[in-house]
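**Q** Predicted model follows, preceded by the sequence.
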Amino acid sequence: MSARLGGVKGFTLLELLIAMAIFAIMATMAYGGLKSVIDTRQATQARAMRVRQLQQTLYLLNEDLLQALPRTIRDELGDDEPAFRGSNGPELLSLTRAAPALLQDSERSRLQRVSYRFESGQLYRLVWSTLDRTQQSQPLRKHLLDADGVQIQFFGSEWVGSWPASGSGLPKAVEVVFSLSGLGDIRRGFWIR
């Protein structure tokens with residue numbers, strides 16, 4: 001009987017258990033490394049999305065402020081509204097601006113009303129294509145950014161937290177501070193021509 005078994009080669013049960021234990025340890029380590037890579041990728045993608053939203057918001061703010069004009073409007077109730085208004089309330093900024101060249105045609109106004117509102121941790125941009133509005137006027141509303149907070153201040157002869165300050169017209173500069181989780185406070189100044 002020993003002669004027949006002597007020619008057969010194979011693994012013993014102990015060798016198979018050791019091989020399976022080594023494979024399990026290596027698989028666990030590989031999974032841990034893969035999970036770490038996946039978690040890092042997801043965090044990086046989330047941060048990249050926030051940075052893209054911030055860049056778009058800063059671009060739109062810059063374009064709107066560069067095109068700001070001293071043209072007052074009438075609101076939905078027929079009351080006069082200043083050409084440029086801002087505060088640290090829900091409506092951060094409201095201004096009249098020249099419309100982008102792509103939107104200009106002979107039938108439409110060459111001016112727009114733009115408003116930035118911060119509501120429940122979200123920043124929105126509202127655009128009206130008509131300046132003097134009626135109660136049926138509806139803005140185009142776009143979500144720009146999720147933030148922990150947004151602060152704004154205006155420079156005329158000194159920095160103030162609301163506009164119009166003493167006098168009227170447009171401020172010389174605007175500063176906005178975005179508080180973003182994971183990115184901290186982002187401070188940006190804008191000159192107004």
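**A** Great, that's in hand.
**Q** Quick check: which helices or strands does the lengthiest helix in the chain pack against?
**A** Longest helix in the chain, counting residues (DSSP state H): helix 13-66. Helix 13-66 sits against strand 91-98, strand 140-146, strand 173-180, strand 184-191, with contacts defined as 3 or more Cβ pairs under 8 Å, 6 or more residues apart in numbering; DSSP states H and E. For every residue, glycine as well, the C-beta is placed using N, CA and C.
**Q** What's the first helix or strand after the first one?
**A** I take that to be strand 91-98. The first helix or strand that comes after strand 91-98 along the chain, using DSSP states H and E, is strand 111-119.
**Q** what's the distance between that following strand and the middle of its chain?
**A** With Cα atoms, centre = their mean, to the nearest Å as the basis, strand 111-119 stands 15 Å off its chain's centre.
**Q** need the contact list for the spatially most central residue of the chain.
**A** By Cα atoms, centre = their mean, the chain has its centre lying nearest to residue 145, at 2.7 Å. Going by Cβ atoms under 8 Å, 6 or more residues apart in numbering, residue 145 touches 50, 53, 54, 57, 122, 123, 178, 180.
**Q** and the last one, how far is that from residue 85?
**A** This points to residue 180. Residue 180 sits 25 Å away from residue 85, going by Cβ to Cβ, to the nearest Å.
**Q** what's the answer for the fourth one, then?
**A** From residue 57 over to residue 85 the distance is 19 Å, taken as Cβ to Cβ.
**Q** Those two: who's more crowded?
**A** residue 57 (21 against 17; other Cβ atoms under 10 Å).
**Q** list the contacts for that one?
**A** Going by Cβ under 8 Å, 6+ apart, the list of residues near residue 57 reads 123, 144, 145, 178.
**Q** among those residues, which two are most distant?
**A** Taking every pair in the contacts of residue 57 and measuring Cβ to Cβ, the maximum separation is 10.3 Å, between 144 and 178.
**Q** who's more crowded, the two?
**A** Using other Cβ under 10 Å as the criterion, residue 144 and residue 178 rank with residue 178 on top: 22 against 19.
**Q** Next one: that one, what pLDDT does it get?
**A** Note on residue 178: pLDDT of 95.
**Q** ok, the nearest residue to it once chain neighbours are set aside - contacts?
**A** Of all residues not flanking residue 178 in the chain, residue 186 sits nearest, at 4.5 Å (Cβ to Cβ, 6 or more residues apart in numbering). Contact analysis of residue 186 by Cβ under 8 Å, 6+ apart lists 54, 177, 178, 180.
**Q** surely the last one meets residue 148?
**A** Yes: Residue 180 is within contact range of residue 148, at 6.5 Å (criterion: Cβ atoms under 8 Å).
**Q** of those two, who's got more company?
**A** Set side by side, residue 180 and residue 148 show more neighbours around residue 180, with 19 against 13, by other Cβ under 10 Å.
**Q** State the distance from the more buried one to residue 49.
**A** 12 Å.
**Q** again, but for residue 189
**A** For residue 189, the distance to residue 49 equals 25 Å [Cβ to Cβ].
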